[in-house]
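Engineer: Sequence and predicted model, in that order:
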Amino acid sequence: MTTTPIGAAARPETATAMLDVRGLKKVYEGRGRTVEAVRDLTFTVGSGELVCIVGPSGAGKTTLLRCIAGLLDCTSGEVVLEGEKVTGPPPGMAVVFQEYGRSLFPWMTVRQNVELPLKEKKVPKAERRRLVQEALEAVGLSEAQDAHPFQLSGGMQQRVAIARAVAYEPHLLLMDEPFAAVDAQTRADLEDLVRSLWKRLGVTVLFVTHDIDEAVYLGRRVIVLSSSPTVVLEEVTVDLPDERDQLTTRSLPRFAELRGHVYELVQQAKSGHRPAS
Amino acid sequence: MTAAVTAGAPRRGQGGRRHRALPAWLLGLIGLAGLVAVVELAPRAGLVDARYLPPFSQMVSALAEQAATAEFWQALLETLRGWAIGLSIAMVAGVALGILIGGIPLVRAALNSTIEFLRPIPSVALIPLAVLLFGTDMRSTLLLVVYASFWQVLVQVLYGVRDVDPVARETARSYRFRPLTQVRTVIWPTALPYVMTGFRLGAAVALILEITGELIIGSPGLGKQIAVAQTSGAVASMYALVIVVGLIGVVVNVIARATERRALRWHPSIRREVSS
Amino acid sequence: MDAGRKILLLLAVPVLLIAAWWAATAGSTNFFWPPLAQIAGTFGETWFTGRFTADVLPSLARLLVGYLAAVVLGVGLGTAIGSSRTLRGLLEPVLEFFRAIPSPVLVPILMLFAGIGNEMKVLVIVSGCVWPVLLNTVEGVRALDEVLRDTARCYRLRRRSRLIHLVLRGASPQIAAGARQALSIGIILMVISEMFAASNGVGFTIIQFQRSFAIPQMWTGIIMLGLIGIVLSLIFRVVEARLLSWYTGLRMSQREG
């Protein structure tokens, strides 16, 4: 794992790349019909970074994420995680899906859900118990260990999914619009939770969202995608102070500027604008 | 989410492992051909005793012989008639009683336990009674058919009536709809998909009991022909008749499912089948 | 609803029905409809003076063996077929055909192969019960949630744990629905195989009573079969409720939400 202090304001360009996406292209072949979802995507995520990906709906965000997660084969190009080419779900990666209600095993309790991947990793029992306990405490759910997921609210279910990912001790945490289906209040809480976990654990986070505010608030960098067939429209560095909170950060003039800029980019993307190649 | 893009596309795939899949109908045809080949070749190769499982071709020729007799067609007709009459009675009784029982909460609460008690009583328990009452008459079998399929229909209708939106029901009541109007405008449309499911399940069960009754009791129909073929050692004929019965079953299932889908198509609520 | 009212609702109609039967047949001289009092009187001596161990238990043992074998076989094959698109395409019409054959006609066929002994009866029960379990398992495996599957892949669950924790658990509601259908088919086949050819068993005994016009005894046999059906379905429900408590909870929370 990285030893780079995460709080450092500017990361030197030479920082080790955690994730390298090179010339990624994905074409779906249906019956006599082909859909080019992703045309050509190249970007890098440094170790310990928190990068957000935004784009208009239908921009192939989920396709991209599934390719990175190794759930989907790309048509050409490659995804390299920690120096290894991704051909299937790689070790050291955890994913938090948008559909929290469907990504938890309904027949298991909260604790069993968090513990299962650790059992698969053959983590010894005592260690496993500690990790589960810590992860559940970190998301504020140590009381609900023995509940079944459906007994919890949507936001709490998503916390369980996050706890499961955190306990797994991944090097890369992929989040696919994780808060798109929770209410606004919960959403703000969960955003802060992600920030704090990221800072505490030094994990690399790639956060896909369609919410521009969320992307700017969370990310150190925002990658704006064009509409499908997807390419990178622009990478925006978020030079906001590292200590962020919902009230002060969001009312900074710089936040408004960045937000305005990304908003414009997404509008351009919607109208079909593509970078000159 | 980009569900629109990914929905129809193959969601998984491991590169080289994936080759262009054959269409489903072709695969199914290959499967059926394989079954026929096994049934033809296994007895010829001596893998099974040909006295017990004659080659497929012999079954086919036995079927052709059967088809040339009036007796076969008579039996086929008897079977279909018994099935249709039994199913109709069960449908009418099941739907009427279901709406009546389901529509009156107190009655439903009182009858719940009775229904749960009576339903698991196996229909074949009635065979001796049926024989005593009606002998080998077709009514013996009809009793079994009606009894067995009635429960299927009734239970589904009760599910359907329970599913009626309470708000809609309250609305109907507040407008002082008469009971019959309430049934027609509120209960029936909600319950219809369940009624169709009941029809599908009941149709399958009715056929099983029709054949069973003929086989065991000896009332006229294909089941009786199977029993006759068995006792006279005409093994190929017996298999031929079993195939015919199976094909009738397939046709019944296909028609029932198509009817159900037609009824569901215009229906706004897409629901998961209540499996009974 | 308080407990007293609940019990009243539960028992009122059954008690009324039995009372009506009792009253309607009291003093009946009709040969086919003996008084219920007489039937009740003969029940004990008919079934609990040796017939329970000689007839009922053998029947139930055959049912149990055949049924469990069918469930294991159906779940195993169903999981394999449900997991493979090719296998599914290949076997769908074949299975559709076998399912559509009313299982009682298998009795004369299996008699050819297995004679008229216990093997035949167990085989009949297996070959009838396996279809609903198999087809429901296929459906259950096929309908597994895509996100859940992805989750299992992302966390690199091994094949074995994926089978246990994802596939079988996920399909268990459908498997249970199939197993429930299979149970009622199993009881039917238990009786029929004995009516066809047997030297003991409930079905055999009832037919003997009917043929010898021992009418009250025949009625006790019908009641016996009814009780077997009711008790078995109650046991099934208890087991199902235990295994699927999560599913009931899930369904209830979905209905509210």
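Structural biologist: Right, received. Where do you want to start?
Engineer: going forward, measure contacts between C-alpha atoms and count neighbours the same way
Structural biologist: OK.
Engineer: Just the pLDDT for residue 159.
Structural biologist: Unless you meant another one, I'm taking chain A. Note for residue A:159: predicted pLDDT of 91.
Engineer: Actually, chain C is the one I wanted.
Structural biologist: Predicted confidence (pLDDT) for residue C:159: 89.
Engineer: Look up how far chain B lies from it.
Structural biologist: Taking CA to the nearest CA, to the nearest Å as the measure, residue C:159 falls 16 Å from chain B.
Engineer: Skip the chain neighbours and tell me the closest residue to residue B:136.
Structural biologist: Nearest non-adjacent residue to residue B:136, counting by CA to CA, 6 or more residues apart in numbering or on different chains: residue B:219, 4.7 Å away.
Engineer: List phi and psi for residue A:220.
Structural biologist: Backbone torsions for residue A:220, taken as degrees, to the nearest 10, come to phi -90, psi -20.
Engineer: which element is the residue nearest to residue B:136 on?
Structural biologist: For residue B:219, there is no helix or strand it lies in under DSSP states H and E.
Engineer: correct me, but it touches residue B:210?
Structural biologist: No: using CA atoms under 8 Å, residue B:219 is not in contact with residue B:210, being 9.3 Å away.
Engineer: ok, back up a step: list phi and psi for the residue nearest to residue B:136.
Structural biologist: The phi/psi pair for residue B:219 (degrees, to the nearest 10) is phi -70, psi 150.
Engineer: what sits against it?
Structural biologist: Shown in contact with residue B:219 (CA atoms under 8 Å, 6 or more residues apart in numbering or on different chains): B:136, B:137, B:138, B:140, B:141, B:213.
Engineer: Among the residues you listed, which one is most surrounded by other residues?
Structural biologist: Tallying neighbours with other CA atoms under 10 Å in any protein chain shown puts residue B:141 at the head of these, with 33 neighbours.
Engineer: residues contacting the residue lying closest to it once chain neighbours are set aside?
Structural biologist: Using CA to CA, 6+ apart and skipping residues adjacent in sequence, the residue nearest residue B:141 is residue B:213, 4.8 Å away. Residue B:213 sits next to B:127, B:140, B:141, B:144, B:219, B:223 when contact means CA under 8 Å, 6+ apart.
Engineer: and the next element down the chain from the host helix or strand of the first one?
Structural biologist: By that I understand residue B:127. In this assignment (DSSP H and E), residue B:127 forms part of helix B:127-134. For helix B:127-134, the following helix or strand on the C-terminal side (DSSP H and E) is helix B:138-162.
Engineer: elements contacting that following helix?
Structural biologist: Here helix B:138-162 is seen to pack against helix B:70-103, helix B:127-134, helix B:188-217 when contacts are counted using 3 or more CA pairs under 8 Å, 6 or more residues apart in numbering or on different chains; DSSP states H and E.
Engineer: Mind checking if the shortest one is in reach of chain C?
Structural biologist: Yes: contact of helix B:127-134 with chain C (CA under 8 Å from any CA of the partner chain) involves B:128, B:129, B:132, B:133.
Engineer: which of these lies closest to chain C?
Structural biologist: residue B:128 (5.9 Å; CA to the nearest CA).
Engineer: so what's the closest one closest to, chain neighbours aside?
Structural biologist: Nearest to residue B:128 is residue C:210, by CA to CA, 6+ apart, at 5.9 Å.
Engineer: Okay, and that neighbour sits in which element?
Structural biologist: Residue C:210 belongs to helix C:202-211 when assigned by DSSP H and E.
Engineer: buried ones in that helix?
Structural biologist: Buried residues in helix C:202-211, counted by 16 or more other CA atoms under 10 Å in any protein chain shown: C:202, C:203, C:204, C:205, C:206, C:207, C:208, C:209, C:210.
Engineer: what mean pLDDT does that helix have?
Structural biologist: Per-residue scores along helix C:202-211 average to 90.
Engineer: Kindly report the same for stretch A:185-202.
Structural biologist: So the average pLDDT for stretch A:185-202 ends up being 90.
Engineer: List the contacts of that stretch.
Structural biologist: For stretch A:185-202, the surrounding residues in contact (CA under 8 Å, 6+ apart) are A:2, A:6-7, A:48, A:50, A:138-139, A:155, A:159, A:179, A:204-205, A:214, A:218, A:245-246.
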